[in-house]
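Trainee: Here is a sequence together with a model predicted from it:
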Amino acid sequence: MIKKCEHADCTRAGTCRCPKTRDLREYWYFCPEHAAEYNKNWNYYAGMSADEIEEDWERQTFGSPLKDKAQANADEADYIKFLNDFINGRSTFDKMPPKTTLPGPVTAALKVFDLPISASWREVGARYRALAKKHHPDRSGSATEFAKISSAYDVLKKHFGKK
Ligand SMILES: [Zn+2]
């Protein structure tokens, strides 16, 4: 059986269900026109305090209100820690240049070899052989360039504890 629209003096069929209260246990039955009017004026949060609104939002979002404020604060601390860990992890992931503690001459020598500060002695050796071959004065290379490479190699040799 279809109810009549519950709006005063309306005789149309009440086919639209509109909540009377926020707990949605009681409904008005209106015709589409009066339902639209009712919905427009119905303020879900009317008469609620800020705390009640927050609690209602928490109930809808989490299924239950985050009643225990101390617990909520603990969660927040966890969340901040999580964010920090995430940001720190991300910076590693993004390969942010690590803070170098290498002495200036070593860094400069690696630059001559076009190697990163994380370069191993093997990489230094391989690059030195390649550059020395290329720039050796006997092979019509540049004596200045060769000297630069040689002194850079000496610095790195010392740095890596090689003789
Ligand atoms: Zn009506």
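Mentor: Done, it's in. Numbers count the residues shown, from 1 in each chain.

Trainee: Flag every buried residue along stretch 7-21.
Mentor: Within stretch 7-21, the residues that count as buried by 16 or more other CB atoms under 10 Å are 7, 14, 16, 18. C-beta coordinates here come from the backbone N, C-alpha and C atoms, glycine included.

Trainee: With respect to Phe113, which of those is nearest?
Mentor: Distance to Phe113, by CB to CB, is smallest for Cys18 among those, at 77.3 Å.

Trainee: who's the closest one bridged to?
Mentor: Applying DSSP bridges to Cys18 gives these bridge partners: Trp28.

Trainee: and it, what is it in contact with?
Mentor: By CB atoms under 8 Å, 6 or more residues apart in numbering, the contact set of Cys18 is 27-30, 35, 38-39, 42.

Trainee: and the ion, which of the buried residues of stretch 7-21 reach it?
Mentor: His7 (CB under 5 Å from the ion).

Trainee: and of the buried residues of stretch 7-21, the nearest to the ion?
Mentor: The ion has its nearest neighbour among the buried residues of stretch 7-21 in His7, at 4.1 Å by CB to the ion.

Trainee: so is that closest one in a helix, a strand, or just coil?
Mentor: coil (DSSP: H, G, I helix; E, B strand; the rest coil).

Trainee: confidence score at it?
Mentor: His7 is assigned 90 on the pLDDT scale.

Trainee: how about the helices in this structure?
Mentor: Assigned by DSSP state H, the helices in the chain fall at 32-41, 50-62, 69-93, 104-112, 121-135, 143-159.

Trainee: averaging pLDDT over each of these, which comes out lowest?
Mentor: Among the helices of the chain, helix 69-93 carries the lowest mean pLDDT (a mean of 59).

Trainee: Kindly report the residues of the protein close to the ion.
Mentor: 5, 7, 10, 12, 31, 34.

Trainee: Would you map out the domains in this protein?
Mentor: The record, using automatic domain parsing to delimit domains, assigns the chain the ranges 1-70, 104-159.

Trainee: highest average neighbour count across those domains?
Mentor: Highest mean neighbour count among the domains of the chain (mean count of other CB atoms under 10 Å): domain 104-159, with a mean of 15.

Trainee: That domain spans what distance, first to last residue?
Mentor: The straight-line separation of the ends of domain 104-159 (CA to CA, to the nearest Å) is 11 Å.

Trainee: do stretch 135-146 as well
Mentor: 5 Å.
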